[in-house]
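In: what follows is a predicted protein model with its sequence.
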Amino acid sequence: MTTSQTSIREIAALVPMPRLLAVLGFAVHAKSRRAPCILHSGSNPTAFSWREDGLWHCFSCNAGGDRITLVRAVKQLSFVQSMRFLAALAEVEYHPENLTFGEVERMRQRRARAERAAWHVRDEIASLLRYYTNGLHRADRLQASIGRELLQAQTEGERLVLWERLARLCPVISFFYAAWDFLWKAKRNALIRFAIASPILRRRLIFEGIPTHDDKFS
């Protein structure tokens, strides 16, 4: 397989992150996707975070990027050398084209924009997960509180008011649970589409059912 058949991005994607991290010297924990960061010789086992799509970030030294930037940072290699390193791990050939400085700079800028966008989506997903989880917990606590009041109610009128409050609360609990359940079960592409959707579209997709696989939305 040659470079003409396989793009730079495709070559990098051929190397699984656990394998790349192990080769570079990281103490890989595949389940948590966290590790001490060797870029600043850190010992915090959760400082370095990585994803299967190749994006990584250190919450201690604030370094981050993709597979190529990681190889460059750890091995102190040029872009071309880093690509040859990845190609060797992927067992494919890499023949770099002669690019002008402007072309290289445009590639760098596109990659930087893509990395910023990816981390923005990641942060948005984390924010949404906190929001829906907190909403679910608040609704559960309110439901429990109304239930206790209902048990202590003395008159039929009091009980009727409390039953009406419970009836209004049920759709809220259902919504927060459905949203929370989706965020935990959805695959990468579905999560990305959900993160960039408008609040109205998110709500509609939650109630209509969102695919938990990577197929495109219809």
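Out: Here it is on my side, so go on. Numbers count the residues shown, from 1 in each chain.

In: name the helices or strands packed onto the top helix by length along the chain?
Out: Ranked by residue count under DSSP state H, the longest helix found in the chain is helix 101-152. Using 3 or more C-beta pairs under 8 Å, 6 or more residues apart in numbering; DSSP states H and E, the elements in contact with helix 101-152 are strand 64-65, helix 156-185, helix 188-196. Heads up, the C-betas are built off the backbone N, CA and C, glycines and all.

In: now those as CSV including distance to Leu205?
Out: Below are these laid out as CSV (distance: least, C-beta to C-beta, whole Å):
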stretch, distance to Leu205
strand 64-65, 29
helix 156-185, 8
helix 188-196, 7
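
In: can you add distance to Ser43 and mean neighbour count and give the ones you listed back as JSON lines?
Out: What follows is the helices and strands packed on helix 101-152, written out as JSON lines (distance: least, C-beta to C-beta, whole Å; neighbours: other C-beta atoms under 10 Å):
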{"stretch": "strand 64-65", "distance to Ser43": "19", "mean neighbour count": "19"}
{"stretch": "helix 156-185", "distance to Ser43": "30", "mean neighbour count": "14"}
{"stretch": "helix 188-196", "distance to Ser43": "30", "mean neighbour count": "18"}
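
In: distance to Glu115 and mean pLDDT for those - can I get that in CSV?
Out: CSV is the format used below for the helices and strands packed on helix 101-152 (distance: least, C-beta to C-beta, whole Å; pLDDT from 0 to 100):
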stretch, distance to Glu115, mean pLDDT
strand 64-65, 6, 88
helix 156-185, 23, 88
helix 188-196, 14, 81
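
In: for Arg113, which of the ones you listed is the nearest?
Out: The closest of these to Arg113 is strand 64-65. By C-beta to C-beta, the value is 12.6 Å.

In: how far out from the middle of the chain is the closest one?
Out: Distance of strand 64-65 from the chain centroid (C-alpha atoms, centre = their mean, to the nearest Å) equals 14 Å.

In: nothing else from me, thank you.
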